[in-house]
Structures are given as C-alpha cells and as structure tokens.
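> Next one to model:
(chains A and B)
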2 protein chains.
Amino acid sequence: MSSFSELMAFQRRTEALNQTSQRLAWDQETVMPRGATAQRAEEMEAMEAVLHARRTDPRMGDWIEKASLENLTEVESANLRLLKRKFSRNSKIPADLAEALARETSLGQGIWAEARSREDFAGFAPTLEKVIQLRREEGEAMAQGEDGMGNAYDALVQDYETGATAESLGAMFDAMRPRLVALLDKVKGSSHQPKKLNGTFTPDDQMKFAHVLAERFGYDFNYGRIDKAVHPFSLGSGQEARITTRTVENDPFNCFYSTIHEVGHACYELGIDDQHLLTPLGRGISMGVHESQSRIYENQIGRSRAFTSWMYGAVREMFGDIGVENAEEFYATVNRVNDGYIRTEADELQYNLHVLLRFDLEQKLISGELAVADLPDAWNERFEADFGFAVTKPSQGCMQDVHWSVGLFGYFPTYSLGTVYSGNLNKAMRADLPDLDASLEKGDTSPATGWLRENLHQYGGLRDPRETITHACGFEPSEAPLMDYLEDKFSDIYKL
Amino acid sequence: MSSFSELMAFQRRTEALNQTSQRLAWDQETVMPRGATAQRAEEMEAMEAVLHARRTDPRMGDWIEKASLENLTEVESANLRLLKRKFSRNSKIPADLAEALARETSLGQGIWAEARSREDFAGFAPTLEKVIQLRREEGEAMAQGEDGMGNAYDALVQDYETGATAESLGAMFDAMRPRLVALLDKVKGSSHQPKKLNGTFTPDDQMKFAHVLAERFGYDFNYGRIDKAVHPFSLGSGQEARITTRTVENDPFNCFYSTIHEVGHACYELGIDDQHLLTPLGRGISMGVHESQSRIYENQIGRSRAFTSWMYGAVREMFGDIGVENAEEFYATVNRVNDGYIRTEADELQYNLHVLLRFDLEQKLISGELAVADLPDAWNERFEADFGFAVTKPSQGCMQDVHWSVGLFGYFPTYSLGTVYSGNLNKAMRADLPDLDASLEKGDTSPATGWLRENLHQYGGLRDPRETITHACGFEPSEAPLMDYLEDKFSDIYKL
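Numbers count the residues shown, from 1 in each chain, chains lettered A, B, ... in the order given. Model (predicted):
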C-alpha cells in the first residue's frame, strides 16, 4: 500500500467523522430539545477532540512526506496539496493555544448573545479582547515558516481563502467603494422608488414556496432537506447537503432569498464529482468560491428581471394580492434599496459596504491598531459616512454579527470576494448562454445551474480558489464586472 | 488521580460519542434524505471504529484492574462492574468484525425495507445470511473465556439481558405457552366480541393526540420530541430521549399505543438520577427491564379500564363519533383480540405468542440448524400452528420486523421477559397504590409513573436486571403474576 493510499484511507474516515459532527450541529440548530444543551456541548467537545487528534496525528506528517515522493495523478496531487497545507497549518499551533481557543470561542457565542440582548457592549468587551488576543497569537504562529504569510491577519485569512491577502483584497475593495457609495447616493436621491410588498404571507405558505424555489434551482431533495433555523445555513457535503431558512411574517423575501442563497451553497457541494466523495477535493474549495455560488443563485439569477417575471406569477398564485401590479413592479420591489443597519438583511448594493466596513475594522483589531474599547465609535463613524444615517445601539452596529465572538477574523472579506466572483461568473455565463433569460422567464434555471455545475461545481477542490474562478470564466477575475452589473441594474430600476 | 477517576473520565467521553452515534441513527430513521444511504453507512462505520477503539483501549484494562483494588462507594462499584463486563465482552471482538457488522447492519436495514416493499424475500436473503454469519462469529467470540456463556446464542443474549439464557428464558416461556394458547382459544370462542372502531382518524389528528398522551404519561418535551418513523423506537439517554411513532389511517390505536410504549422507554431514561449522567449507570440496565417499562405504560396502565375511561372522553372530543357507545365498550375495543399477522399490532394476549415464535426460530438461525432459505416455510408453519390461520406474503411473516436485518439476534426474548416483569411490577404497584384507578380515571398517571420512577427508574444501572425488578417489587419475579392478570382481564372482557 502506498503512503498516499494510507494517508487517503485515514483522511476519508476523518472526513466521515467530520460529516457526523456537522450533522450534530444541524441537529442542534433545528430539532434538538432545549433541555439537552449541556449534554450536547459535551458531545460536541468529544467529537472535536476525536477530530483534532486525527488532524494532528503524527502519522499524517510521515505519510504526507513519503507521498510527496510518489508518482501521483493530477487529482491525487491536488488532494495531497490540500492535506499538506492543512496539516502544516495545524502543526504550527501549540496544543494549549488550540485548547484555549476552543474554550473561549465556545463560551464567546453565549456571552455575545446575552450581552447583545442587553445592548451591553462593555459586558462583551473582555470576551472579545480575549478572543482577539488568542486569534492574533494563532495567526502569528501560522504566519511563520516557508508556507506562512508573514503576518497574523493574512495567515488567518488562509483558513477561509487560500492565496488571498489583506493587500489584494484591500486593493479590490478600494476600487469598489467609491463606485458603491456614488451609486447608493444616486439611488437614494431618485424620484423613482419601488413599492413595498403588501400581502398576507403565513409561515406555512412561505415554507411551501421555499420548496418550490429550491426545486426550481435544481436542489435535489433526494440528497437534502429544508428546515427552519434562527440563522439560515447550509451543512453537509457529498451525498447530503441540508439547508435551513427562516420565515418573517411580513417579509417573505427574507425566506425566499435565504432559501435560494443556501440552495446555491448546497448545490455546489452536491454538484462535485462523485469520485471525490469524502476526499479533500470533495468539498467546496473556499468560502469565497462558496459565496460566489450562493450569491449568483440569489442575485444574478434569483433577482434578475427574467426570473422574477416568472416568480411574480407563482407568488400571485400562492399568495393572492401582494400590493404590486405587474412583473416589472415586482422586479423593482425585489431589488428595492432600503435604509437598514443589518448586513444579513441588506440589498445587493449596500451589502458590500457592510462587509468592507468589517474588513477594515477587523484588520485593525488583529494588528492592535484599534482597541476593543474604541470599536463602537469606529464602527458608528464609518457607518454614518458610508450609509448616511446613525447607529443608535450596539445590536444595530458592532454587536449585530456572531462572527467575531467565535473568533471568525479573516472571514468577512470572503463575502464580498464571493460577490465579486459571482459578477465574473455571471459575465462569463451570460456570454456562453445568450438565451438564458428566455429560460429564466419560464422559471427554468437549469441552463444556468447546469453551466455552474459543468464549469465549477464538479471540480470541487481541484484548483485553488482564484484559479477555480479563472478556469470557469476563461479570464482573470476583477471587481469590474460586478460593479458594471450593479450600476447597470440599479440605474435601470431607479431610472438614473 | 485514582485509576477509577481516570477510567470514568475516559468512559464519559466514550459515552458522549456513543450518544452522538445514536443521534445519527435517529437521524437516519426520521429525517435523512434517502440518497445519503451509502455515505451514512460510511459515517456510521467511522463512528463505530472510534467507539470500538475506545471500548477496547488497553488502558481500560489497566484502569479496571487497578480500580478494582481501590476503595469504592456502592455507585462506583456498580459502575466498575458494568465497565468490566463490557470491556471483557468487547475485547473479544476483532476490530474488522466489529466494522463489518456496523457496515452490513447499516446497509441491511435499507435492503430489508426495499425488499419488504416488493415482498421479495429472495432479494433480502443474501443480506440476512451475511448478518447472521457475522453475528454468529461475534457470539462465538464472546462465548469464550471465564465470563463467556459457552455458546453463541447465549453470548448474544447477554448484550441485551445480563444473566438470561436460552434455557432460563425457555423454561419461563414453556410455562406460559399452554396458558396463553388455552386463553386465546376461549377468547376466540366467546360469543361476546368487542366492537371495532369506526371513525375518521387523520394522520395529523393522530399525531396531535399522540402528543396529548405523551404529556399525560409525564414525557417532558424539554428533553424529548416525537417524530414519525416506519418502525417506532426510542433513542437517547441522559438529557435527551426522543421517541418516534407512526400513523395508520384506520387504526389510531397503532399510533396511540406505540406512543405510550415508547414514552415508557424514554421516561425510564429521563427518570435516572442526574448524578449518573453519561456514566455506565446512566442508562436503563437491560432490554428486558426497559421493556417492562414500555409494557406497563402501554398495557397495565394505558389499556386499563380506569385509564381508557378517561381516554374515551378525550378521543370523542378530538375525533367525534368513533362507533362505540360508552367507556366500557371502548375499554373492550381497546383490548379487542384480533386475528393479525403483525407483532407490533398484536393485543396483550397474542403478543407473547409472536415473540415465542421468533425466539425459537432465531436460536436455530444462529446455530445453523435452520437455513435462511428455509426461514419463510418454518415461520409460516409455526404461525399457522399457534394462531390458526396462514401467512400469505413475507411482509406478514418473516419480513415484518426490522430486527434481524440490523443484527438483533437474542433481542426478541427480552420483549416477553419485559412483559413478564411488567406483570410483577403491576402487582407490586397496585398493592402500594390502592387508589390508583381513581387517578387514572381522571387521566392522571402520575401516581403510577411516580411509583416507577421512585422504585426503578432513578437507579439506572445500579443493580443487575433481575435484581432491579426484585428490588422494585419486593419479591422474586415469575411469569405467574402476568398470566393471572391476563386471565382475569380477558375472562372479564370476554365474559368467559
């Protein structure tokens, strides 16, 4: 048996256990009885200990070293590359730091939720300081060595997006921000403002329509399911990728577009070639590429004029009068730009401004340039500058997202990177499929979802993130296609 | 740190992983998308490998040996006794056999369900043969050594009922069978035959009533939930014990009494003293004792004249006209003895005849005396002899139960043993609670469920199975109280 085969057999079992652990997380968010919280924490900790021991098993290092000398196919080399990278990363973290991080970030979420409900930033600050300090240490440890990134923040980014750096992301975002702010100003000043929805949308009917939408986007219920959760998510790889959504009584778009978004994530996982099942290549390559799939499903396809013209009829059929008169009005309503504080509820245009704000602040938090005590002021100032109105309480501002409380630094920029990637993919896809709108108008997304499966999904982790996008598009990605698309779309809707 | 403490800390994590594995099994039976079957089998196998490695970890042997010399409390000694027994058993099973069993039994269930739906015994036979072969090997391995049972079947029985043997069980069942057959003959010949139900029972309403019943029996939804499954079961211990039930359009009693039965199992687990959480004592001591709890909930309480008089009113309120005129008629209808093929739908009287049939056949399957190919004929012959009418298709006969497809050999006899135990517990409980019926008539089961919690549930695995029953009853159990109870009850209802 070759070292590569031994390595892969060991890794396959680790991945099967990882899938089990993910299923447990799904269970906790959807069906677990509330009284089981303490026992479940112990179960999750036990699974994590098993996984950590396997991921840092010294035999992995031996197998990786020996396998590097073996004669490997392209797919095998790609698997080895991913395993080597992860193993090298994990081996740089001292055990006591890993344990402290696991402990503090598992406590962090509860403390954040509690403090947020009391609008108590001061009560959250010591926890946030501890988490930042530990992640900074971790980043510094990972930044060392030949494959290190040289600085802590960039090293943290690698957990989510291999190859991306604060510099490369910053350059892209700096090019976007003036265009976004200028477009938002014009949109807000327009005399053409879309109507709001006005109808009756029961939770049951919303869930029924969520199933209709998921099917329209090619989600195969033989390999997935939809449940409700407080915060929508998608979990699982290989033969099983489940999604969750939520219902808000007067805001059915929250349910519909959360569903389409999560279906985008799930279809990426389910679309990976079967040969990669439970191997390192058998999962989406990065958070940014993942987000490109959820975003293109949600926005460039799901919020297009063509698809919403079909959706208008389907929505009217299920919900009756909804306060808009025709498909064109519905298209504008779907894409309405609202004043709002919350990232997860933002429209296509403002969403990236939310992310850019977090990207700039979290770099300073990790470098130490911004003290935790000064975070609320820094947040509120930047928010008012970008969005034109003031934050009045922490839950509208720097306490709205769970991410930092659980140590997710370096993760936010992948949201906008994925959105940029979706703009590039949309450009390439439209060039390849000149008649796409005719299908979308009939509610048939299969040419688009088929194009994504063919050009991107099937490969899984074969290529690094940026190369994955380049391969699918046939050109190097940049922010330009997204910005052009946004300016065209919103100029049209708002008659600028 | 004492060896006992080290042992218990290690074991606690193993038990947390075991609960995780059980949750995965629940998931598979209730919410898993069908396309995930193959991957799930791999996940279950990976979990089983982790659990097996921990259960047979050589350190366990050292700790157990050293802990035996330490000064232990009664509870600690009981924990050590259970661990020692399990460790000795597990150490006898080669890892590759354990993994093969996990894999085949995980696949077996799907193959059984699929073949059963096509009435295709031939399609199921190769799988059954494989499972029998593996379990036989396992039994033979376990039968060796000082604490072995000498033969494969008895060794398998120990997995479910410590101390029971084919001989001791056979003696008890032999004493029951003539009395059961004689009573059944008289009941069938009686000119007084209870009415059948006649009403409309939608699946949704049945599930609503299942929730009402579960609450009446003290099931705490803060630590559990009810879902639908093909074959009702209860899973989980400690802070979480979930149940499943099923609905059959014209047979609401199937749903109602499956629910009460599974609630009996779950309440046993949830009633164990908190100090035993995730320790060996923190689970029901055996399948037989477990079944005594589900049976006494279902039969001696749930099918009593007193409780059904309350239930009649509640059923009428939810379902309207049901074709019976009063509580007394309803009591007879609930306890109606029907010709039927299916064990899980059988009345109190015939149920044990179903079990005795399986007990006799499965001993021969494990010993090899009965070939799988001959199973349908052997089943059908015995069935006609005991029940007086013929099986016409496999789903009515040897393919009706999931058990053998997942390797549960030696398990069936615990159903009748538990039923015998429930007869003993009922006798003791009634002696302690002379006014119980007055509460049951109001739909209040709390004196009975409280008596069971106080005298049995709370102790978990503190005493071995038979001692657990003896301790609760204050006398040694035998088949006599059950047989007396059945003869009294059915003579009364059928006016014999």
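> buried set for stretch A:473-492?
Across stretch A:473-492, burial judged by 16 or more other Cβ atoms under 10 Å in any protein chain shown covers A:473, A:477, A:479, A:480, A:481, A:482, A:483, A:485, A:486, A:487, A:489, A:490. The C-beta positions use only the backbone N, C-alpha and C, and glycine is treated the same way.
> Give me the mean pLDDT for it.
Stretch A:473-492 comes out with an average pLDDT of 98.
> CA atoms of it as CSV?
Below are the C-alpha coordinates for stretch A:473-492, written out as CSV (Å, rounded to 0.1, in the frame of the first residue of the first chain):
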residue,chain,number,x,y,z
CYS,A,473,-14.7,32.2,-16.6
GLY,A,474,-11.9,32.0,-19.0
PHE,A,475,-10.5,35.3,-17.7
GLU,A,476,-8.9,36.6,-14.5
PRO,A,477,-11.5,37.9,-12.1
SER,A,478,-11.7,41.5,-11.0
GLU,A,479,-14.2,43.8,-9.3
ALA,A,480,-15.2,45.4,-12.6
PRO,A,481,-17.9,43.0,-13.9
LEU,A,482,-19.7,43.2,-10.6
MET,A,483,-19.6,46.9,-10.4
ASP,A,484,-20.7,47.3,-14.1
TYR,A,485,-23.6,44.9,-13.4
LEU,A,486,-24.7,46.8,-10.3
GLU,A,487,-24.5,50.2,-12.0
ASP,A,488,-26.5,48.9,-15.0
LYS,A,489,-29.1,47.1,-12.9
PHE,A,490,-29.8,49.9,-10.4
SER,A,491,-29.6,52.7,-13.0
ASP,A,492,-32.3,50.9,-14.9
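> residue in the stretch 351-496 of chain A nearest to chain B?
residue A:460 (14.9 Å; Cβ to the nearest Cβ).
> Give me the pLDDT for the closest residue to that residue other than its chain neighbours.
Distances taken as Cβ to Cβ, 6 or more residues apart in numbering or on different chains put residue A:272 closest to residue A:460, at 3.9 Å, once the chain neighbours are dropped. With respect to pLDDT, residue A:272 scores 98.
> Could you pull up the residues touching residue A:272?
Residues near residue A:272 by Cβ atoms under 8 Å, 6 or more residues apart in numbering or on different chains: A:237, A:238, A:281, A:282, A:283, A:284, A:457, A:458, A:459, A:460.
> So which of the residues you listed is surrounded by the most neighbours?
The residue in the contacts of residue A:272 with the most neighbours, by other Cβ atoms under 10 Å in any protein chain shown, is residue A:460 (28 neighbours).
> circling back to that earlier point, the residue nearest to residue A:460 falls within a strand, correct?
No - when DSSP: H, G, I helix; E, B strand; the rest coil is applied, residue A:272 is found to be coil, with no strand at that position.
> Restricted to helices, list the buried residues of stretch A:473-492.
Secondary structure assignment by DSSP state H places A:473, A:480, A:481, A:482, A:483, A:485, A:486, A:487, A:489, A:490 of the buried residues of stretch A:473-492 in helices.
> wouldn't the third one be in contact with residue A:422 here?
No - the pair residue A:481 and residue A:422 does not pass the contact test of Cβ atoms under 8 Å, sitting 9.2 Å apart.
> where's the closest residue to residue A:360 other than its chain neighbours, which helix or strand?
Nearest residue to residue A:360 in three dimensions, chain neighbours excluded: residue A:382, at 7.3 Å (Cβ to Cβ, 6+ apart). Assigned by DSSP states H and E, residue A:382 belongs to helix A:375-387.
> Following element in sequence after that helix, please.
helix A:412-432.
> Please convert the buried residues of stretch A:473-492 to a markdown table, extending it with distance to chain B.
Below are the buried residues of stretch A:473-492 laid out as a markdown table (distance: Cβ to the nearest Cβ, whole Å):
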| residue | distance to chain B |
| --- | --- |
| A:473 | 31 |
| A:477 | 32 |
| A:479 | 38 |
| A:480 | 40 |
| A:481 | 35 |
| A:482 | 34 |
| A:483 | 39 |
| A:485 | 35 |
| A:486 | 36 |
| A:487 | 41 |
| A:489 | 36 |
| A:490 | 39 |
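> Can I get the residues you listed in a markdown table including distance to residue B:27?
Putting these into a markdown table (distance: Cβ to Cβ, whole Å) gives the following:
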| residue | distance to residue B:27 |
| --- | --- |
| A:473 | 38 |
| A:477 | 39 |
| A:479 | 42 |
| A:480 | 45 |
| A:481 | 42 |
| A:482 | 39 |
| A:483 | 44 |
| A:485 | 41 |
| A:486 | 41 |
| A:487 | 47 |
| A:489 | 42 |
| A:490 | 44 |
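> returning to what we had before: and the residue of the stretch 351-496 of chain A closest to chain B, what is it in contact with?
By Cβ under 8 Å, 6+ apart, the neighbours of residue A:460 are A:272, A:273, A:276, A:281, A:282, A:283, A:284, A:285.
> give me the number of residues near residue A:169?
By other Cβ under 10 Å, neighbour count at residue A:169 equals 24.
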